[in-house]
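A.B. asks: Sequence and predicted structure are below.
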Amino acid sequence: MRSLFTFILFFAMSPSLSAQNTFKQKQLTFERVKTAYAQKWAGLKEELHQKGFKDKFEVHLEAYKSEGKLEVWLKNSNQAKYSLFRTYDFSAHSGTLGPKTKKDDLQTPEGIYFIDRFNPESRFYLSLRINYPNAIDLLRSGQQNPGSDIYIHGNQLTVGCIPLTDDKIKEVYVISVEASNGGQVQIPVHIFPFRMTKENMNKKTAIFPQHKIFWKTLQLAYDNFKNFKTTS
């Protein structure tokens, strides 16, 4: 009877024990993540609260290849619309405008993605992997190897990823950990060739007419977010 009681008590406590074993706690077992939190979290948390973001918030990332900018948009979990929190400069560029189609083409992808891996032991300090290739990328690549392992990462080198320097990736990584730990299931990442205004579209499609149809589809996502500040 005593053994049965002990088993029932342990089983009843299991949810609370597992709840304590959070994503953030797992990340903080890695030295670089601990360093990032020690250096960046206090300042970020203060700014978040000043701008009205609560403890549970969600992240959306928008990248513009031509401008070399990564925008971090946030919203409280109970809100529908995102607000711009910070903008970061790419620390290096690779390839040209247009989507990535094969391995080793040096291209940074263009499309609608999400973060599918946190890498606290990256060769480029810290990194967030996007789910490239997605279904559209695979269709575009055909029989070619589309490549893989596209990250937002530290350092100042790239062969198709989005580098931000070690210092800046600490901030983006910490913000993303906090959002995931707060319950966000997927962090969306939109990668655009440029800010897809009507004027820019006319200029860029004149130079790269082969991408016009694809860019028109991306412009729909761009316009939707700019007009409604939501990814849904």
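C.D. replies: That came in fine, so what should we check first?
A.B. asks: Low-confidence bits of this structure, can you list those?
C.D. replies: 1-21 (pLDDT under 70).
A.B. asks: Helices of that one, start to end?
C.D. replies: Secondary structure of the chain (DSSP state H): helices located at 2-20, 23-27, 31-36, 42-50, 135-141, 166-181, 198-207, 212-228.
A.B. asks: Residues in contact with the fourth one: which ones?
C.D. replies: Put plainly, it is helix 42-50. The contact list for helix 42-50 (C-beta atoms under 8 Å, 6 or more residues apart in numbering) reads F57, L74, F85, E171, V174, I175. Quick note: C-beta positions are derived from backbone N, CA and C, even for glycine.
A.B. asks: The second one and G52 touch, don't they?
C.D. replies: Think L74. No - L74 sits out of contact with G52 when judged by C-beta atoms under 8 Å, with a separation of 9.6 Å.
A.B. asks: For the longest strand along the chain, buried residues please.
C.D. replies: With residue count as the measure and DSSP state E as the assignment, the chain has strand 111-122 as its longest strand. Residues G111, I112, Y113, F114, I115, F118, N119, P120, S122 are the ones in strand 111-122 that count as buried (16 or more other C-beta atoms under 10 Å).
A.B. asks: What are the phi and psi values at the closest residue in space to L106 that isn't next to it in sequence?
C.D. replies: Spatially, and ignoring its direct neighbours in sequence, L106 is nearest to G95 (4.3 Å; C-beta to C-beta, 6 or more residues apart in numbering). Main-chain torsions, G95, degrees, to the nearest 10: phi 70, psi -150.
A.B. asks: Quick check: G95 vs I112, distance?
C.D. replies: 19 Å (C-beta to C-beta, to the nearest Å).
A.B. asks: do the same with T35
C.D. replies: For T35 relative to I112 (C-beta to C-beta), the value is 32 Å.
A.B. asks: Equivalent analysis for G142, please.
C.D. replies: Applying C-beta to C-beta, the value for G142 to I112 is 20 Å.
A.B. asks: ditto for K226
C.D. replies: Taking C-beta to C-beta as the measure, K226 falls 15 Å from I112.
A.B. asks: go on, V189?
C.D. replies: V189 is 8 Å from I112, by C-beta to C-beta.
A.B. asks: likewise S141?
C.D. replies: From S141 to I112 the distance is 17 Å (C-beta to C-beta).
A.B. asks: same deal with I213?
C.D. replies: Distance from I213 to I112, by C-beta to C-beta: 16 Å.
A.B. asks: just I207 next, same as before
C.D. replies: Here the criterion is C-beta to C-beta. By it, I207 lies 23 Å from I112.
A.B. asks: again, but for Y151
C.D. replies: 17 Å.
A.B. asks: How about S66?
C.D. replies: 18 Å.
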